[in-house]
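# Need the 3D shape of this:
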Amino acid sequence: MFGIVYKGAGAKYEQKTKENNYSVREFIEEVEQPKKREDSFKLLDIFKETTGHEAKMWGQSIIGFGSYHYKYPTGHEGDAPLVGFSPRKAKISLYFATGDPDREFLLKNFGKHTTGKACVYINKLDDIDVEVLDLIRQSVDFLKKTYPDQP
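All right, here's what the predicted structure looks like:
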């Protein structure tokens, strides 16, 4: 879901997208399209209210809520937000857990969207049923069950 940098033969992966102290509000204020900026502030409230976590910047452009530490059987490990979003130029990317078997069911009534491996892409908030942002809760629950030993 989040960028990694490979450091050569025999070297470990270094996670590129990390939590930082950049201002979430300032980042959203810099979004050029007024409707996308407005939707981003609405999403900020929805994600915060639903997760109970404060928004944090991850890398230069991802707004994340909560975090978890993952470790794959390959030995690759890192940290990622439980859920998040990013107001990209073309679309708004919504980040939910990968591998959740309930995700597809919840997306059936989600509204106008496209999907990638970890992302759900929307043009604007009006295109989706905001009540179906149950995806946020489901994603957080799934990750907490998948990675139970979190601080």
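
# By mean pLDDT, point me to the weakest helix or strand of the chain.
Counting by mean pLDDT, DSSP states H and E, the weakest-scoring helix or strand in the chain turns out to be strand 4-6, with a mean of 42.

# Tell me if I'm right that residue 79 and residue 71 touch.
No - with contacts counted by C-beta atoms under 8 Å, residue 79 stays clear of residue 71, the gap being 10.5 Å. Just so you know, the C-beta spots here come from the backbone N, C-alpha and C atoms, and that holds for glycine as well.

# who's more crowded, those two?
Set residue 79 next to residue 71 and count neighbours by other C-beta atoms under 10 Å: residue 79 wins out with 15 against 11.

# Identify all contacting residues around the helix or strand where residue 70 lies.
Assigned by DSSP states H and E, residue 70 belongs to strand 68-71. Defining contact as C-beta atoms under 8 Å, 6 or more residues apart in numbering, one finds that strand 68-71 is touched by 77, 78, 79, 80, 82, 143, 144, 147, 150.

# Can you select the buried ones from those residues in PyMOL?
This is how PyMOL selects the buried members of these, with burial counted by 16 or more other C-beta atoms under 10 Å:
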select buried, resi 78+80+82+143
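
# how about the contacts of strand 68-71 in CSV, adding secondary structure and pLDDT?
Formatted as CSV, those follow (DSSP: H, G, I helix; E, B strand; the rest coil; pLDDT from 0 to 100):
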residue, secondary structure, pLDDT
77, strand, 85
78, strand, 88
79, strand, 92
80, strand, 92
82, coil, 94
143, helix, 92
144, helix, 91
147, coil, 88
150, coil, 71
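
# of the contacts of strand 68-71, closest to residue 118?
The shortest approach to residue 118 among the contacts of strand 68-71 belongs to residue 80, at 9.3 Å (C-beta to C-beta).

# Surely the closest one touches residue 67?
Yes - proximity of residue 80 to residue 67 meets the contact threshold set by C-beta under 8 Å, at 6.7 Å.

# if I pick residue 114, what's in contact with it?
Contact analysis of residue 114 by C-beta under 8 Å, 6+ apart lists 91, 120, 121.

# Reformat the contacts of strand 68-71 as TSV; add distance to residue 127.
TSV is the format used below for these (distance: C-beta to C-beta, whole Å):
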residue	distance to residue 127
77	36
78	32
79	31
80	26
82	24
143	26
144	29
147	31
150	33
